[in-house]
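Engineer: Mind looking at a prediction? Sequence and model below.
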Amino acid sequence: MFGCAPNVIDENKVTQKIESLDMKIFSQNGDKIYSITSPYSTYNNIEHKFQLKKTYINFFKGKEIKYIVESDESTLSDNNKLLNLKGNVKLKTVKQNQDVLEGDIFIWKIEEDDYLLKGNIRFENVDMILNSEKAKLSKDDIIEFFNPVKYVIKDENDKNKSETKAENAYYNIKTKSLSFGSNNKRVRSIINF
């Protein structure tokens, strides 16, 4: 005769502490989607949720790293399908002109290809600075900044050349072009760098 002992969850083991987490997430096809590293994290067995401190994330396109994101803390939940980052969130593009997108909160529904940033958004590269309260980075490498948008165009000495406001702004990371638009379609302009 064989028997099994029932799985009893010890209340002290609901949350597991993990030092030096290095996790890689793959698609069903075996392609690497992203990797997460954190010097300290916890995992809740009941909620299936990771709480991570000092998070560093690499987002992949094929075998290449496309974006690097860092934050003070993050939560990976919903069976690894929802990623929330908080505190000093900084997204850097790889192989671009020092593009850095910063904000307070970063939200990614992993089955979707758009990343949402909220709170004190600041985008800066060698040509410009854009400020907004909300921005969305889409899979086609376009960052949409939502109303109101303040932007500064830099001169060759990295000083502020001109400063103005707009309703919505769209920055194309690949072509390095900035376009502006409004909800009533009356304003439309494009700046190429």
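Structural biologist: Everything's here; your move.
Engineer: Low-confidence stretches in this structure?
Structural biologist: 1-13, 95-97, 156-163, 182-193 (pLDDT under 70).
Engineer: please redo it, this time with the cut-off set to 50
Structural biologist: Within the chain, the ranges that satisfy pLDDT under 50 run 1-10, 186-190, 192-193.
Engineer: can you map out the strands along it?
Structural biologist: 15-26, 32-44, 49-61, 64-77, 82-93, 100-109, 115-124, 128-137, 142-145, 149-154, 160-166, 168-172, 177-181, 188-192 (DSSP state E).
Engineer: Report the beta-bridge partners for the residue positioned nearest the centre of the chain.
Structural biologist: Centre of the chain computed as the mean C-alpha position; nearest residue by C-alpha atoms, centre = their mean is Phe106, 5.0 Å away. Here Phe106 sits in beta bridges with Leu85, Leu117, going by DSSP bridges.
Engineer: just Thr42 next, same as before
Structural biologist: Thr42 has these beta-bridge partners by DSSP bridges: Lys17, Gln51.
Engineer: Can you give me the neighbour number for it?
Structural biologist: 15 (other C-beta atoms under 10 Å). (Each C-beta comes from the backbone N, C-alpha and C, glycine too.)
Engineer: wait, it sits on Leu21?
Structural biologist: No: Thr42 is beyond contact range of Leu21, at 9.7 Å (criterion: C-beta atoms under 8 Å).
Engineer: Overlap of the contact sets of those two?
Structural biologist: Phe50 (C-beta atoms under 8 Å, 6 or more residues apart in numbering).
Engineer: Against Ser177, how distant is Val89?
Structural biologist: Separation of Val89 from Ser177 (C-beta to C-beta, to the nearest Å): 25 Å.
Engineer: same deal with Leu82?
Structural biologist: Using C-beta to C-beta, we find Leu82 at a distance of 32 Å from Ser177.
Engineer: Hmm, Lys92 is touching Glu124, no?
Structural biologist: No: Lys92 is beyond contact range of Glu124, at 10.8 Å (criterion: C-beta under 8 Å).
Engineer: Common neighbours of the two, please.
Structural biologist: Here Lys92 and Glu124 have Asp99, Val100 as joint contacts, going by C-beta under 8 Å, 6+ apart.
Engineer: what residues are up against Leu82?
Structural biologist: Contacts here follow C-beta under 8 Å, 6+ apart; on that basis Leu82 touches Thr75, Leu76, Ile107, Trp108, Lys109, Ile110.
Engineer: Tell me the one of those residues nearest Gly181?
Structural biologist: Ranked by distance to Gly181 (C-beta to C-beta), the contacts of Leu82 are led by Ile107 at 23.4 Å.
Engineer: so what's the residue nearest to the centre of the chain up against?
Structural biologist: Phe106 makes contacts with Val69, Ser71, Leu83, Asn84, Leu85, Lys86, Val89, Leu91, Tyr115, Leu116, Leu117, as judged by C-beta under 8 Å, 6+ apart.
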